[in-house]
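S.K.: How does the following fold in three dimensions:
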Amino acid sequence: MPIELSIVIPVFDEVESLHQLHQELLEIKQSFDGCEIIYIDDGSSDGSNRVLHELADNDPDVKVLTFFRNYGKAAALSRGFRAAAGQFVATVDSDLQDDPAEIRPMIDMLAEDWDLISGWKKVRHDPLSKRIPSKLYNFSVRLFTGVRIHDSNCGLKVYRSEVVKTLELHGGLHRYIPALAKYKGFRVTEKIVTHRARQHGQTKYGLSRYFHGMLDLMTVLFVGRYFQRPMHFFGIAGLLTSGLGLGVSLYLTINWFRGIWIGSRPLLFLGMLLIIVGIQFFSIGLMAELLVQRRAREEDLIKEVYSSGKSDDEVGP
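M.R.: Next up, the predicted model:
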């Protein structure tokens, strides 16, 4: 029977929450025509893996994927997305702060011509020390990405399967899934969802995640805006640096004609350095363009192979 929904749940040291979470997921499961539950154990050391395999032994619709060390939430989601076979995909955090009952109405919203619905924890049951940095962080994400999502990092999201199959997640890029999907041309919106207070354990993230998150934001902006046209980025940087270097050199040349000795002036070396750096930016941009063009040709070849029904052995290099 075709699977309508795949529920993907990253797990890291949440052994006390798993039985209750699974019972709530089973209730949701009944409202779909074919539903699989995929747990990704991200290197837990508290017995979570044992509990997950017990759940899988009692339910053929439960899959457990195991990492032997902690790789992070992005890697866990990426692995779960690859394994998901459903027409729709939902993600839920394993700490019981997300309410699985929200999945059904969020899936129904996809019928309104959306591709991704992100949860918005408008009323959060977290300490003030967590809520204030989160608001500032999400404001920055909206400002720089242009994606009007109030809670980009909410763990509760639903997707059409086409979205998750195109996402490339690593590092901390799971925080920017709505922006990554938007940059790929998918339609993204949000829904206010219930947020519950943490019942067991403690958060796995500290304030350092906001610093790391801003670095990841730079990656998202570059990949989203310049991945298909890297020369637009490196070319502008090259024009600015080499232009400034030429300006410095022109200034020194005029002074040389006026009889001012410039051979030992630091400004001369600065001008030369700026010109060299500008040329390097141009070179990097050209190499990046070649890589993009090569990747585009390879993707076109793959599409031709699938459309013609040829096997890999029938295709030349």
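
S.K.: Pick out the residue closest to the middle of the protein.
M.R.: Computing the C-alpha centroid of the chain and ranking residues by Cα atoms, centre = their mean puts residue 173 first, at 3.2 Å.

S.K.: So that one versus residue 64, what's the distance?
M.R.: 24 Å (Cβ to Cβ, to the nearest Å). To be clear about C-beta, it is placed using only N, CA and C from the backbone, and glycine gets the same treatment.

S.K.: Residue 125 now?
M.R.: Relative to residue 64, residue 125 is positioned 29 Å away (Cβ to Cβ).

S.K.: Is it correct that residue 224 is in contact with residue 179?
M.R.: Yes: in terms of Cβ atoms under 8 Å, residue 224 counts as a neighbour of residue 179; the distance is 6.4 Å.

S.K.: The two: which is more packed in?
M.R.: Counting neighbours by other Cβ atoms under 10 Å for residue 224 and for residue 179 shows that residue 179 has the greater number, 24 against 18.

S.K.: on that earlier part again, who has more neighbours, residue 125 and residue 64?
M.R.: In this view residue 125 and residue 64 are compared by other Cβ under 10 Å, and residue 64 has more residues nearby, 19 against 12.

S.K.: what's across from that one in the sheet?
M.R.: Using DSSP bridges, the bridge partners assigned to residue 64 are residue 39.

S.K.: Can you read off the pLDDT for the residue of the chain positioned farthest from its centre?
M.R.: Distance from the C-alpha centroid of the chain peaks at residue 259, with 58.3 Å (Cα atoms, centre = their mean). According to the prediction, residue 259 has pLDDT 82.

S.K.: Next: the one 4 residues further on.
M.R.: With respect to pLDDT, residue 263 has a value of 76.

S.K.: and what of residue 309?
M.R.: Spelled out, the predicted local distance difference test score at residue 309 is 50.

S.K.: Mean confidence (pLDDT) on stretch 274-283, please.
M.R.: In this model, stretch 274-283 has an average pLDDT of 92.

S.K.: List the buried residues of that stretch.
M.R.: Within stretch 274-283, the residues scored as buried using 16 or more other Cβ atoms under 10 Å are 274-275, 277-278, 281-282.

S.K.: May I have the lowest-mean-pLDDT helix or strand in the chain exported as CSV, CA atoms only?
M.R.: Among the helices and strands of the chain, helix 208-226 carries the lowest confidence by mean pLDDT, DSSP states H and E, at a mean of 74. Backbone C-alpha positions of helix 208-226 (Å, rounded to 0.1, in the frame of the first residue of the first chain) are rendered in CSV as follows:
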residue,chain,number,x,y,z
SER,A,208,26.7,29.1,21.2
ARG,A,209,24.2,27.8,18.7
TYR,A,210,23.2,31.4,17.9
PHE,A,211,26.8,32.3,17.0
HIS,A,212,27.1,29.2,14.9
GLY,A,213,23.7,29.9,13.4
MET,A,214,24.8,33.3,12.1
LEU,A,215,27.8,31.7,10.4
ASP,A,216,25.5,29.1,8.8
LEU,A,217,23.2,32.0,7.7
MET,A,218,26.1,33.4,5.6
THR,A,219,26.4,29.9,4.0
VAL,A,220,22.6,29.9,3.2
LEU,A,221,22.7,33.4,1.7
PHE,A,222,25.6,32.6,-0.5
VAL,A,223,24.3,29.2,-1.6
GLY,A,224,20.8,30.5,-2.1
ARG,A,225,21.7,33.7,-4.0
TYR,A,226,24.9,32.8,-5.8
